[in-house]
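how does the following fold in three dimensions:
(one chain, ligands or ions: 1)
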Amino acid sequence: MAAQIIDGKAIAADLRARVAGEVERVKRDHGLTPGLAVVLVGNDPASEVYVRSKHTQTQAAGMASFEHKLPADVSQDALLALIGKLNRDPAVHGILVQLPLPKGLVTEAIVNAIDPAKDVDGLHPHNAGRLAGGLSALSPCTPLGCIILSKTVHASLEGMNAVVIGRSNLVGRPLVQLLLNENATVTIAHSRSRNLPEITARADLVYAAVGRPEMVKRDWIKPGATVIDVGINRIPTAEGKTRLVGDVAFAEVSEVAGAITPVPGGVGPMTVTCLLVNTLRAACAIAGLPAPAV
Ligand code: NDP
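Here you go, the predicted structure:
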């Protein structure tokens, strides 16, 4: 039987509407306008597209959007000075520095300079440490989106066997922590894992965050399992163009999985939406208000 397609676009749109509702409420009841500052260094075309989309969606949710574009040759000190200014700015509740940064800038130092209370990308060691300790934290957006998508299929992930392929700080590791917080039983696989198809074939939930086109095949998946594909890969077509595919061989895996995310239209739309969720959460926390109902 064909798998249920998890419609990330529709789920993200629904979540954005709920965020917008909560933004309206905190504006009305508390005079609080959540604000997101996005810092773009250089002119990488993909990063420019992401930043534009973040700006549009932030404004559409009723939040304030502050864009800071800096030249690729900006100095580390000048970038740190901007972050210091944004840390002190009461209108800014979330700060996102678009990665990757151009060569010559030390990403770790830049990320570490962001006030953890405004770290809506969830990459500061303070938030990563709190997440690993099972404490409340701003969590990275893509893993957060993966959990929300999974919970549209399974009301509870408790006791489920989850396999995460990929252990990056951006996706795999925080996803593992979020799954643990959901009381799933988690295995994390990576490039040195042996017998990966056997490991994934035991899973109720499979998360692929690798960056290898269509790596996960039909016989890697237990019938009925839920498959969340984080990968975004561009592959050439016969017409000399490119098309987007995930890390999962969608056509064949969807014949055996119980539910599956498409690429595009699965995890991707959730990432920016979760950035809005984190900005709203950060704004409420900074203002001393209860966590919003999103
Ligand atoms: P990284 O390159 O940082 O990490 C990739 C991970 O995959 C590593 O842990 C690596 O293992 C592991 N890996 C590589 N090859 C294999 C293999 N053959 N078998 C098993 N594991 C392997 O990537 P990211 O985590 O940043 O991103 C992963 C994918 O998700 C990319 O396609 C990226 O474009 C996409 N992405 C999508 C987002 C979205 O919004 N949808 C957001 C962020 C990323 P090791 O640690 O041993 O090297």
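
which parts of the chain sit against the ligand?
Contact residues (CB under 6 Å from any ligand atom) of the chain with the ligand: 142, 165-168, 170-172, 189-193, 196, 209-212, 230-233, 267-268, 271. No exception for glycine: its C-beta is placed from N, CA and C like everyone else's.

mind doing that once more with 8 Å?
141-142, 145, 165-172, 189-193, 196, 208-212, 215, 230-233, 246-247, 263, 266-268, 270-271 (CB under 8 Å from any ligand atom).

poorly predicted segments of the stretch 51-200 of the chain, please.
For the stretch 51-200 of the chain, no stretch has pLDDT under 70.

Leu105 and Val41 touch, don't they?
Yes: the criterion here is CB atoms under 8 Å, and Leu105 meets it with Val41 at 6.8 Å.

need the overlap of contacts for those two.
Counting by CB atoms under 8 Å, 6 or more residues apart in numbering, the common neighbours of Leu105 and Val41 are Val74, Leu79.

neighbour count for the two, which is higher?
Just comparing Leu105 and Val41: by other CB atoms under 10 Å the higher neighbour count belongs to Val41, 24 against 20.

tally of neighbours for the closest residue to the more buried one other than its chain neighbours?
Computed as CB to CB, 6 or more residues apart in numbering, the closest residue to Val41 that is not its neighbour in sequence is Leu70, at 4.8 Å. Around Leu70 there are 17 other residues, counting by other CB under 10 Å.

same deal with Val206?
28.

could we number from 719 for the rest of this?
Right, with 719 as the first residue, what we last looked at is Val924.

report pLDDT for it.
Per-residue pLDDT puts Val924 at 99.

ok, the helix or strand containing it: who's next to it in the sheet?
Using DSSP states H and E, Val924 sits within strand 923-926. Counting by DSSP bridges, the strands paired with strand 923-926 are strand 879-883 (parallel), strand 944-947 (parallel).

ok, and what's touching that strand?
864, 868, 872, 875, 878-884, 890, 893, 897, 902, 918, 933-934, 938-939, 943-949, 964-966.

mind doing that once more with 6 Å?
Around strand 923-926, the neighbours that count as contacts under CB atoms under 6 Å, 6 or more residues apart in numbering are 864, 878, 880-883, 893, 918, 934, 943-947, 949, 965-966.

look up phi and psi at Gly739.
Backbone torsions for Gly739, taken as degrees, to the nearest 10, come to phi -60, psi -40.

for it, give me its contacts.
Gly739 neighbours (CB under 6 Å, 6+ apart): none.

cool, Phe784 as well?
Applying CB under 6 Å, 6+ apart, one finds that Phe784 lies in contact with Ala755.

and it, what helix or strand is that in?
Using DSSP H and E, Phe784 falls in strand 782-788.

cool, Glu876 as well?
Applying DSSP H and E, one finds Glu876 in no helix or strand.

burial measure for the residue lying closest to it once chain neighbours are set aside, as a count.
Using CB to CB, 6+ apart and skipping residues adjacent in sequence, the residue nearest Glu876 is Asn901, 4.1 Å away. Counted with other CB under 10 Å, the neighbours of Asn901 add up to 12.

quick one: Asn901 from His872, how far?
Asn901 sits 12 Å away from His872, going by CB to CB, to the nearest Å.

same check, this time on Met988
Noted for Met988: a distance of 16 Å to His872, by CB to CB.

the two: which is more packed in?
Shown here are Met988 and His872; by other CB under 10 Å, Met988 has more neighbours (28 against 16).

identify the residues contacting the helix or strand hosting the more buried one?
Using DSSP H and E, Met988 sits within helix 986-1004. Applying CB under 6 Å, 6+ apart, the external contacts of helix 986-1004 come out as 726-727, 730, 733-734, 737, 740, 752, 754, 771-772, 775, 779, 811-812, 835-836, 838, 856, 859-860, 862-863, 1010, 1012.

now intersect these with the helices, please.
726-727, 730, 733-734, 737, 740, 771-772, 775, 859-860, 862-863 (DSSP state H).

of those residues, which is the most crowded?
When neighbours are counted by other CB under 10 Å, Gly863 leads the ones in helices among the contacts of helix 986-1004 with 29 neighbours.

for that residue, give me its contacts.
Val985, Met988, Thr989, Cys992.

what is the burial count for the nearest residue to Asp833 once chain neighbours are set aside?
Excluding the flanking residues, the one nearest Asp833 by CB to CB, 6+ apart is Asn805, at 4.2 Å. The number of residues packed near Asn805 is 16, by other CB under 10 Å.

since that was my last question, I'll sign off now.
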